[in-house]
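Trainee: next input, structure requested:
(one chain, ligands or ions: 2)
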Amino acid sequence: MTPDQVRGLWAVVPAAGRGARFGGDVPKQYLEVGGEPLLAHALRALFAHAAVSGAVVVLAEGDGRWPGWNEFAGKPLRTCAGGDSRADSVLAGLAALPDDVRADDFVLVHDAARPNLGVDDLGQLLERGRNDPVGAILAAPVRDTLKRAGDDGGIDRTEPRERLWRALTPQLFRRLQLSRALENARDAGIAITDESMAMERQGLRPLLVEGAEDNIKVTTPADLAYFEFLLQRKERHPA
Ligand SMILES: Nc1ccn([C@@H]2O[C@H](COP(=O)(O)OP(=O)(O)OP(=O)(O)O)[C@@H](O)[C@H]2O)c(=O)n1
Ligand SMILES: C[C@](O)(CO)[C@H](O)COP(=O)(O)O
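Mentor: Ligands and ions are numbered 1, 2, ... in the order given. Next up, the predicted model:
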């Protein structure tokens, strides 16, 4: 194993969103499924892999819903305040990592809103990503035909879907390189929607690691219902 792989790695978990697309008063990361908030499911999924040492959970400023955990599933947690965008929150989380997470250490970034990460997918990401010069992301190939909508609600055209993938999380990059890429995008006024986009802007080519289609991001109530189904199925048929 490389020195990187011997040292545990930390995760940054952006959990400072408002859940506007979901609606309701409670930010979706605190909605419970199977007796635990989505945020807990996401943390449990990360900590299911022995290589993950701890996590920084990025919270909305003054978030009163955070249960105050300083550890979860036996691993340490830190918290920090997020920002107006997910990218701002990730940047804040990177800055809040423990001092012994070195500049060239790999760090995972995983959405609190993705509760159904599989440990095998995480293992594949770590195995392949930590041997890549840049890093890697979990992703799923596009399987539907894609249409470009016109302003009138009609279809402008069908987009070619060859080599199109949906980015998932976790995404795995080195701490300083990712921080610098996010800062660069921010200073250029570019809206970044995932960590890979910031790295790509730097001319880097992260590795795509195929992950399960059911590593869903809970964005709407329909997604929450789907996760409830997935969890019940897992409980009925443990792997
Ligand atoms: N300023 C923000 C915005 C989002 N997130 C987090 O980034 C993840 C993915 O974002 P998304 O699904 O868009 O969550 P929200 O921003 O809450 O949703 P919406 O866009 O519907 O408001 C979530 O875990 C969310 O909590 C964050 O930490 N800080
Ligand atoms: C990071 C991400 O989950 C990859 O698909 C996605 O970009 C987050 O987008 P959101 O609009 O912030 O939910």
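
Trainee: what residue ranges in the chain score low on pLDDT?
Mentor: Low-confidence segments of the chain (pLDDT under 70): 1-7.

Trainee: do that again at 50, thanks
Mentor: For the chain, residues meeting the criterion pLDDT under 50 lie at 1.

Trainee: residue contacts, the one residue in it that gets nearest to ligand 1?
Mentor: Closest contact between the chain and ligand 1, by CB to the nearest ligand atom, is at G17 (2.1 Å). Glycine gets a C-beta too; all of them are placed from N, C-alpha and C. G17 makes contact with P27, K28, Q29, A60, R86, S89, A112, A113, according to CB atoms under 8 Å, 6 or more residues apart in numbering.

Trainee: with adjacent residues omitted, what lies nearest to the fourth one?
Mentor: Among residues not flanking A60 along the chain, A16 sits closest, at 4.4 Å (CB to CB, 6 or more residues apart in numbering).

Trainee: thinking that neighbour is in contact with G62, fair?
Mentor: No - counting by CB atoms under 8 Å, A16 does not reach G62; the two are 10.7 Å apart.

Trainee: touching both of the two, which residues are there?
Mentor: With CB under 8 Å, 6+ apart, A16 and G62 have common neighbours A81.

Trainee: who has more neighbours, the two?
Mentor: Remark: of A16 and G62, A16 carries more neighbours, 26 against 7, as counted by other CB atoms under 10 Å.

Trainee: dump the residue contacts of that one.
Mentor: By CB under 8 Å, 6+ apart, A16 lies in contact with V58, L59, A60, E61, D63, A81, G82, G83, S89.

Trainee: the residues you listed in helices, which ones?
Mentor: Under the assignment DSSP state H, the contacts of A16 contribute S89 to helices.

Trainee: and the contacts of A16, which of them are buried?
Mentor: Burial by neighbour count, judged by 16 or more other CB atoms under 10 Å, picks out V58, L59, A60, D63, G82, G83, S89 from the contacts of A16.

Trainee: bridged to the second one, which residues?
Mentor: With DSSP bridges as the criterion, the beta-bridge partners of L59 are A15, A81.

Trainee: of all the buried ones among the contacts of A16, which two lie farthest apart?
Mentor: D63 and G83 (13.0 Å; CB to CB).

Trainee: ligand 2 contacts on the chain?
Mentor: R86, D111, A167, L168, T169, T193, D194, K217 (CB under 6 Å from any ligand atom).

Trainee: V33: neighbour count?
Mentor: When neighbours are defined as other CB under 10 Å, V33 has 20 of them.
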